[in-house]
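Sequence and computational prediction follow.
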Amino acid sequence: MTGISDEAPAVTDTLTLLSPAKLNLFLHITGRRPDGYHLLETVFQLLDYGDELRFQRRDDGVISLSPAIPGVAEQDNLIWRAAYRLREAYGQPEMGANITLLKRLPMGGGLGGGSSNAAISLRALNQLWNLQCSEDELAALGLNLGADVPVFVRGRTAYATGVGEILQAIEMPRQWFAVLTPPIAVPTAKIFSDLTLTRDTHPCTIRALADRGWFAQTRNDCEPVVRQAYPAVNALIERMQNFAPTRMTGTGSSVFAMVSSKAEAERIVRDCADIAQGFVARGINHLPVVSS
Ligand SMILES: C[C@](O)(CO)[C@H](O)COP(=O)(O)OP(=O)(O)OC[C@H]1O[C@@H](n2ccc(N)nc2=O)[C@H](O)[C@@H]1O
Ligand SMILES: Nc1ncnc2c1ncn2[C@@H]1O[C@H](COP(=O)(O)OP(=O)(O)OP(=O)(O)O)[C@@H](O)[C@H]1O
């Protein structure tokens, strides 16, 4: 499963693409907007693991998506919404697609699966429908679907501020990660409305991240709140910390440990299998370009 830049023919009507997960390597809450949304400072680390999306162009205006995600109505599915928004804004009524989703990422785990699916759909359909939208246009469209969509549209590991939409590409060392998700979902809104949440962390600036000790200088401000409210997350972090530097991503419930080899990551996933489901992944700094 790769981008198509190497092997695709010049004219294509089918694309199969990785829809990667992200980790928030840290998550600082630096303030609040007048509308109540929290201002963040984070690094979105893209991973080489995620869902797989297959797009086949059709010319009869039908956009079909299969299989359905249990509990998510078709019109709420971010893939379908992305496709419709894109066609509405830049396309023609006869543009359509068969879209197939192989879901690997847990939902509501802080791995950005839905946002990634939306962004990859924008990128793929822009090409299949030959719309020639710029990356800026797709990112703006994506931001209306969710704060985490633009980083996947741009396809670069990035330092982010604002609500996650002000992005600066950053090259991180290609670390291995063990990513584990306990069998609970954490509602993002509940964590952001918690009275004990720290909301005044000083930003660390992008320059500080070049320092090898960046992990110790950063944190996830949501982690104490989630650990307090969800013993399953707390227990998982305590277990993983025995092996390697460990942190929660986003508002949880997924947790990652950072290691220097695939074997170490596999061992952590194995040793936590009784309390969480997991996968091994490597950080990537950019997605393959979608071009024919
Ligand atoms: C925390 C992150 O996962 C970091 O990557 C994302 O910023 C979450 O972004 P998201 O998935 O778009 O968040 P949503 O699930 O839409 O947010 C649910 C609710 O959390 C609160 N929320 C969310 C993001 C944010 N920066 N400030 C907030 O206060 C809002 O009340 C929002 O209505
Ligand atoms: N294609 C999709 N894939 C996953 N979730 C979707 C999709 N379409 C809509 N959703 C909805 O979006 C919600 C959040 O899913 P997602 O996997 O992005 O969560 P997350 O990993 O917590 O993301 P984030 O880190 O951005 O908060 C799901 O619970 C689901 O109701």
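Yep, it's here. Ligands and ions are numbered 1, 2, ... in the order given.

For this structure, what lies in contact range of ligand 2?
69, 72, 76-79, 107-115, 117, 148, 188, 250 (C-beta under 6 Å from any ligand atom). From N, CA and C alone the C-beta is placed, and that goes for glycine too.

Just the buried ones from those?
69, 77-79, 108-115, 117, 148, 250 (16 or more other C-beta atoms under 10 Å).

and which of these is nearest ligand 1?
Ranked by distance to ligand 1 (C-beta to the nearest ligand atom), these are led by G250 at 3.2 Å.

OK, contacts around that closest one?
Neighbour list for G250: 24, 27, 110-112, 188, 222 [criterion: C-beta atoms under 8 Å, 6 or more residues apart in numbering].

All the helices of the protein, in order from the start?
Shown for the chain, the helices assigned by DSSP state H span residues 78-90, 113-128, 135-143, 149-154, 188-192, 223-229, 231-241, 262-271.

quick one, which residue of the protein lies the farthest from its center?
D60 (31.6 Å; C-alpha atoms, centre = their mean).

So, low pLDDT: which residues of the chain?
1-11, 290-292 (pLDDT under 70).

domain ranges for it?
14-169, 176-284 (automatic domain parsing).

which of these sits most buried?
Ranked by mean neighbour count under mean count of other C-beta atoms under 10 Å, the domains of the chain are led by domain 14-169, which reaches a mean of 19.

Dihedrals phi and psi, A68?
Dihedral pair for A68: phi -70, psi 150, per degrees, to the nearest 10.

Identify the residues contacting it.
Contacts of A68 by C-beta under 8 Å, 6+ apart are 74, 77.

so which of the contacts of G250 also contact ligand 1?
Within those, those near ligand 1 by C-beta under 6 Å from any ligand atom are 24, 110, 188.

Distance check, the closest residue to S261 other than its chain neighbours against ligand 2.
Distance criterion C-beta to C-beta, 6 or more residues apart in numbering; nearest residue to S261, sequence neighbours excluded, is W176 at 6.0 Å. The gap separating W176 from ligand 2 is 20 Å, by C-beta to the nearest ligand atom, to the nearest Å.

of all of the protein, which residue lies closest to ligand 2?
G114 (2.8 Å).

Isn't that residue up against L78?
Yes - taking contacts as C-beta atoms under 8 Å, G114 lies within contact range of L78: 4.6 Å.

Quick check: neighbours shared by these two?
G146.

Which stretches in the stretch 1-150 of the chain count as strands?
Ranges of strands in the stretch 1-150 of the chain, per DSSP state E, counting those that start in this stretch, are 14-32, 38-58, 63-66, 96-102.

Figure out which of those is closest to G213.
Distance to G213, taken as C-beta to C-beta, is lowest for strand 14-32 among those, at 12.6 Å.

The closest one to helix 78-90, inter-axis angle?
Angle between the axes of strand 14-32 and helix 78-90 is 90 degrees (criterion: axes from the mean of the first three to the mean of the last three C-alpha atoms, to 10 degrees).

from the middle of its chain, how far away would strand 14-32 be?
3 Å (C-alpha atoms, centre = their mean, to the nearest Å).

and if you look at stretch 80-92?
21 Å.

So it, near ligand 1 or not?
No - remark: stretch 80-92 sits outside contact range of ligand 1, by C-beta under 6 Å from any ligand atom, the gap being at least 13.2 Å.

Need the contact partners of that stretch.
63, 65, 74-75, 93, 95, 97, 99, 117-119, 121-122, 125-126, 129, 131, 133, 137-138, 141-142, 144-145, 149.
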